[in-house]
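Novice: Sharing a model prediction with you, sequence too.
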Amino acid sequence: MVPHAHEIRRKTRILTAAVIVTNVMGNFCLSIGMKQVGETVSVSPLPYLHALLNPFVIGGVCLLMLWLITNLSLLSWADLSYVLPVTATAYVIAAILGRVVLDEHVTATRWAGILLIMAGAAIVGRTMPRTTPEHEQDFSEEDER
Amino acid sequence: MRWALVAVIVVGNATGDLLNTAGMKKHGEVRRLHPRALPRLLKRLVRNAYVVGGVVAMAVSFFALLSLLSVAPLSFAVPATASSYMLETILAKYLLGEKVTWQRWLGASVVACGVALLAL
């Protein structure tokens, strides 16, 4: 393999971890915040704006914005059919977080689901992140206007 | 009603992921993830029609999920939407030209089953 392949794998691993962590923590903060705010099901945008005053909601929204950026960056070189199964590990972390922090009960069926997701992510994680050709010209560093 | 919402969620997700992937491949590999490089990256992303379309599709899917959760339990919503793992793998192969090896098919199917089990 070209020397670039090793670097791509390393980069992919780091960014995948960032995608998973920002996703889980973002949703976690958002769910704590929204529980503090109380029920918000409305057509009017006002209750949602009010929810944005809660520090957990603000933190959650910021983390999810970071999630969007890291996920897009990961997709700038990695295949979608690689990213999707691998980042599904977020479900696993969320379930474990629920168990440890919120003391939620994890049923046997859910443990089975957790094992399957980890197995699936591990299988896909061993494939090369990128299978599509790179464009001859790399646009990523141009455009400084 | 439930299944109509599931369809919107799955189609929205797939459209969003496909457009985002296509848009980011067009954008080219992001090499610097330094916070100082972030404003420039954002500036280019909001001018990338694929990415803008992708984010809109994801937002539609998100609001459809919120609606679905208000009429159906999580144990219906999550397994029903787990099918998008398979759908998006198929689309990635045919529309994005990714080489989906048997490992990826196997992995995506196993993950989809796992996600479905999580909510049961």
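Specialist: Received the coordinates, thanks.
Novice: OK, contacts around the spatially closest residue to residue B:79 that is not a sequence neighbour?
Specialist: By the measure of Cβ to Cβ, 6 or more residues apart in numbering or on different chains, the closest residue to residue B:79 outside its immediate chain neighbours is residue B:116, 3.8 Å from it. (C-beta placed from N, C-alpha, C; glycine too.) Taking Cβ atoms under 8 Å, 6 or more residues apart in numbering or on different chains, we find residue B:116 in contact with A:113, B:78-79, B:82.
Novice: Kindly indicate whether residue B:116 is helix, strand or coil.
Specialist: Residue B:116 falls in the helix class when you classify it by DSSP: H, G, I helix; E, B strand; the rest coil.
Novice: need the next SSE after the helix-or-strand element of chain A with minimal mean pLDDT, C-terminal direction.
Specialist: The weakest-scoring helix or strand in chain A, judged by mean pLDDT, DSSP states H and E, is helix A:46-51 (a mean of 76). Downstream of helix A:46-51, the first helix or strand assigned by DSSP states H and E is helix A:55-75.
Novice: by contact count, what packs against that next one?
Specialist: Under the contact definition 3 or more Cβ pairs under 8 Å, 6 or more residues apart in numbering or on different chains; DSSP states H and E, helix A:55-75 sits against helix A:3-37, helix A:80-87, helix B:2-27, helix B:38-45.
Novice: So what's the gap between that helix and the chain middle?
Specialist: The gap between where helix A:55-75 is centred and where its chain is centred comes out at 8 Å by Cα atoms, centre = their mean, to the nearest Å.
Novice: now could you export just the CA positions of it as PDB?
Specialist: Output of helix A:55-75 as PDB, limited to C-alpha atoms (Å, rounded to 0.1, in the frame of the first residue of the first chain):
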ATOM      1  CA  PRO A  55     -27.100  25.900  29.400                       C
ATOM      2  CA  PHE A  56     -27.400  22.200  28.700                       C
ATOM      3  CA  VAL A  57     -29.400  22.900  25.600                       C
ATOM      4  CA  ILE A  58     -26.800  25.400  24.400                       C
ATOM      5  CA  GLY A  59     -24.000  22.900  25.100                       C
ATOM      6  CA  GLY A  60     -25.900  20.200  23.300                       C
ATOM      7  CA  VAL A  61     -26.600  22.300  20.200                       C
ATOM      8  CA  CYS A  62     -22.900  23.400  20.100                       C
ATOM      9  CA  LEU A  63     -21.700  19.700  20.400                       C
ATOM     10  CA  LEU A  64     -24.100  18.600  17.600                       C
ATOM     11  CA  MET A  65     -22.900  21.400  15.400                       C
ATOM     12  CA  LEU A  66     -19.400  20.100  16.000                       C
ATOM     13  CA  TRP A  67     -20.700  16.600  15.200                       C
ATOM     14  CA  LEU A  68     -22.000  17.900  11.900                       C
ATOM     15  CA  ILE A  69     -18.600  19.400  11.000                       C
ATOM     16  CA  THR A  70     -16.600  16.400  12.000                       C
ATOM     17  CA  ASN A  71     -18.900  14.000  10.200                       C
ATOM     18  CA  LEU A  72     -18.700  16.100   7.000                       C
ATOM     19  CA  SER A  73     -14.900  16.200   7.300                       C
ATOM     20  CA  LEU A  74     -14.800  12.400   7.800                       C
ATOM     21  CA  LEU A  75     -17.000  12.000   4.700                       C
END
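Novice: Go ahead and name everything in contact with it.
Specialist: The set of residues external to helix A:55-75 that reach it, using Cβ under 8 Å, 6+ apart, is A:12, A:15-16, A:18-19, A:22-23, A:25-34, A:36-37, A:51-52, A:83, A:87, B:20-21, B:24-25, B:30, B:33, B:38, B:41-42, B:45, B:51, B:55.
Novice: rerun that using 6 Å as the cut-off
Specialist: Applying Cβ atoms under 6 Å, 6 or more residues apart in numbering or on different chains, the set of residues contacting helix A:55-75 from outside is A:15, A:18-19, A:22-23, A:25-26, A:29-30, A:32-33, A:51, A:83, B:20-21, B:24, B:30.
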